[in-house]
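> sharing a model that was predicted from the sequence below.
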Amino acid sequence: MYRIKSKNDYEQSYTNALEAPEKFWADIAENFHWHKKWDQVKSGNFTDLDFKWFTNAKLNITENCLDRHLEKRGDKRALTFEANDPNTPTTHYTYKELHQAVCKTANMLKDLGVKKGDRVCLYMGMVPELLFSVLACARIGAIHSVVFGGFSAQSLADRINDCECNLLITNDGSYRGAKSIDLKGIADEALETCPTIKNVLVHKRIESNITMKEGRDVWWHDLYDKASSDCPAEVMDSEDPLFILYTSGSTGKPKGLMHTTAGYMVWAAYTFQNVFQTDEQDIYWCTADIGWITGHSYITYGPLLNGATTLMFEGVPTWPDAGRFWQIVDKLKITHFYTAPTAIRALMACDEKLVEAASLSTLKVLGTVGEPINEEAWHWYDQKVGKKNCPIVDTWWQTETGGIMISTLAGIGECIPTYATKPLPGVKPELVDEKGSVIEGNDVSGNLCIAGSWPGQARTVYGDHERFKQVYFSTYPGKYFTGDGCYRDKNGNYRITGRVDDVINVSGHRIGTAEVEDAIDTLESVVETAVVGYPHDIKGQGIYAYVICHSTPSNLEEFSKQVKDQVTKVIGPIAKPDKIQVVTGLPKTRSGKIMRRILRKVAEGRPDQLGDTSTLLDPSVVDDIVKNAQ
Ligand code: WTA
């Protein structure tokens, strides 16, 4: 694989990727197995939104993740599984075994009538069968749509219906710490409104009492044991869809970002190798869930494309105690550890003895992702976990970008607390002001855009190309707009400062304020809601909901519970508001727009910084809001 080895190498690669992208990317793509090579490395642009990579090439990504390694790495561990319960023995799968498991799973899907181009929804816990299923879809050319196991029945149904999946794969239930989640029960409720689903494939994980619907539901073990382990890979076009993954934005329902085969493959592999710099014997652990993009690119595709050993963990960092991560690092001799700032902050707040009890001596590289990391958490991670001996890669990227865009390369670039630092070769960040002018020079802040396409970029919003254009390419025509604010320091290092749109980042999860508002508004007692984010010590951001009711609730505690339950029901527990304030009015301009700036300041506890409120229709509502702030 293409590997940047030094600072000079980085600088040279950066220039090459900018000046001769065709050659740069062709050289990298040469490392993979193709049934037919590309006619053109890249085509299209951000105006017509028709960008493509490695056009007319033919390949299958699973041959690159699995088959390609069999000769040299057949007996090497590909996947290690650490169960929720620390007393359950760790399971290992070699590349040979993983290849077989994926082929068997792929044959099961075929037996259920799944064909190339079909959409398959995966609603599962973090068990190896989830990873088998992801790769099995890719093996036969079906498009996987993984839905995080913490979403509600309604969210699951919305996602299934949006891309018209015909198969759902789920577990009877899943373990998360001391709790278990009734995945099949939630799926059953969702499927009452999902006419396109023909079958449900159920993998047994917990011994729970579930109902299997005759003619629709089938047990994984009944089919798996009989399935052949021979499954030739479907030959896909470079631009055939590989997966859809839903993510929240400023407005409306979550969007199904669609990624295609060759470009995503090259990007996941290239970024994994260069950011983490793993060696053959290393053991890499990303603590994300496969329900999010990080689990797609950096538990599944990136590591396997590089022939690495990837660890999948079923549980949570705080069970049975808050030393679980560190115990696993020692037990499995983890060399590369990649997690989210929210996990670091949560563990920082626990007994120090737990981290001090572990040796952590195998660790070489630490990573963070998902949200800005604060200085205190960065230093704790550096000192307590890395023993001041491991580079920290702060990786900035998004569901839309497919893989890491701005990050230090481990051992090569500089590690600066709270800075993602430098763009990867092939990425051209631009800071843009409110009017759309590019801000040149250093020591400047602006809205972060990317000029020009990169291979791993999402190609569209599934079924709605117009929305893709509207959301990402219309604010600053000709550029991809990330929705993030950013500072570039005097040395050209990038520091991501957070979302500049109406998206809240709660514990690294993207939540649209509009989605939460819509969920609360479905309560009969509610007239209108406005939701904003505010700084939260552990979660990064918390959710603050201002709610207007038809009549003031007699029991505020009960009303708050109702609101939380409703959000849990409509979206899932991750979107539950932390604070709820019943108000009599919202600060609106004469044209009816809510001035969220004011609500944000109140939520932050800074009513002294409200700024100009003279354009409000009724400035007096603000006094009321400030007086009763939570
Ligand atoms: C935020 C997760 C600061 C950012 C991979 C982005 C970050 C959103 C970082 C994408 C980071 C991600 N520093 N902020 N290192 N990484 N973000 O789609 O606001 O779940 O737009 O992808 O997370 O979230 P998503």
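Nice, I can see it.

> in the stretch 301-450 of the chain, what residue lies closest to the ligand?
Relative to the ligand, the nearest point of the stretch 301-450 of the chain is Thr399 (3.4 Å; C-beta to the nearest ligand atom). The way it works is simple: take the backbone N, C-alpha and C, and place the C-beta from them, glycine included.

> show me what from the protein comes close to the ligand.
247, 292-294, 369-372, 394-399, 420, 482-484, 496, 499, 505, 510 (C-beta under 6 Å from any ligand atom).

> ranges for the strands of the stretch 501-630 of the chain?
503-506, 509-512, 526-536, 540-549, 579-583 (DSSP state E, counting those that start in this stretch).

> can you redo the ones you listed as a markdown table with mean neighbour count and mean pLDDT?
As requested, the strands of the stretch 501-630 of the chain are exported to a markdown table (neighbours: other C-beta atoms under 10 Å; pLDDT from 0 to 100):
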| stretch | mean neighbour count | mean pLDDT |
| --- | --- | --- |
| strand 503-506 | 23 | 95 |
| strand 509-512 | 23 | 95 |
| strand 526-536 | 20 | 97 |
| strand 540-549 | 23 | 97 |
| strand 579-583 | 19 | 97 |
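
> in helices, which of the residues of the chain next to the ligand fall?
Cross-referencing these against helices under DSSP state H gives Ile293, Thr294.

> so Glu63 makes contact with Trp34?
No: contact criterion C-beta atoms under 8 Å: Glu63 and Trp34 do not qualify, at 9.4 Å.

> which one's more surrounded, those two?
Set side by side, Glu63 and Trp34 show more neighbours around Glu63, with 21 against 18, by other C-beta atoms under 10 Å.

> residue contacts, the more buried one?
His33, Ala233 (C-beta atoms under 8 Å, 6 or more residues apart in numbering).

> part of a helix, is it?
Yes: Glu63 forms part of a helix when assessed by DSSP: H, G, I helix; E, B strand; the rest coil.

> per-residue pLDDT of it, please?
On pLDDT, Glu63 comes in at 98.

> ok, it to Val146 distance?
The gap separating Glu63 from Val146 is 21 Å, by C-beta to C-beta, to the nearest Å.

> same question, Ser228
When distance is defined by C-beta to C-beta, Ser228 is 25 Å away from Val146.

> between these two, tell me which one has more neighbours.
When Ser228 and Val146 are compared for neighbours, Val146 comes out ahead with 28 against 13, by other C-beta under 10 Å.

> if I pick that one, what's in contact with it?
Cys121, Leu122, Tyr123, Met124, Leu130, Val134, Phe243, Leu245, Ile290, Gly291, Gly295, His296.

> which helix or strand in this structure has the lowest average pLDDT?
Every helix and strand of the chain was ranked by mean pLDDT, DSSP states H and E. The lowest is helix 620-627, at a mean of 92.

> angle of that helix against strand 540-549?
Angle, helix 620-627 to strand 540-549, by axes from the mean of the first three to the mean of the last three C-alpha atoms, to 10 degrees: 130 degrees.

> so helix 620-627 versus strand 579-583, what angle?
Going by the same axes, to 10 degrees, helix 620-627 makes 140 degrees with strand 579-583.

> just the buried positions in helix 620-627, please.
For helix 620-627, burial by neighbour count (16 or more other C-beta atoms under 10 Å) applies to Val621, Val622, Ile625.

> what's the closest of these to Leu223?
Checking the buried residues of helix 620-627 against Leu223 by C-beta to C-beta gives Ile625 as the nearest, at 57.3 Å.

> that closest one contacts Lys601, correct?
No: with contact defined as C-beta under 8 Å, Ile625 does not reach Lys601; the gap is 10.1 Å.

> which residue does the stretch 101-250 of the chain bring closest to the ligand?
Counting by C-beta to the nearest ligand atom, the stretch 101-250 of the chain gets nearest the ligand through Thr247, at 5.1 Å.

> that residue touches Lys255, doesn't it?
Yes: judged on C-beta under 8 Å, Thr247 makes contact with Lys255 at a distance of 6.3 Å.
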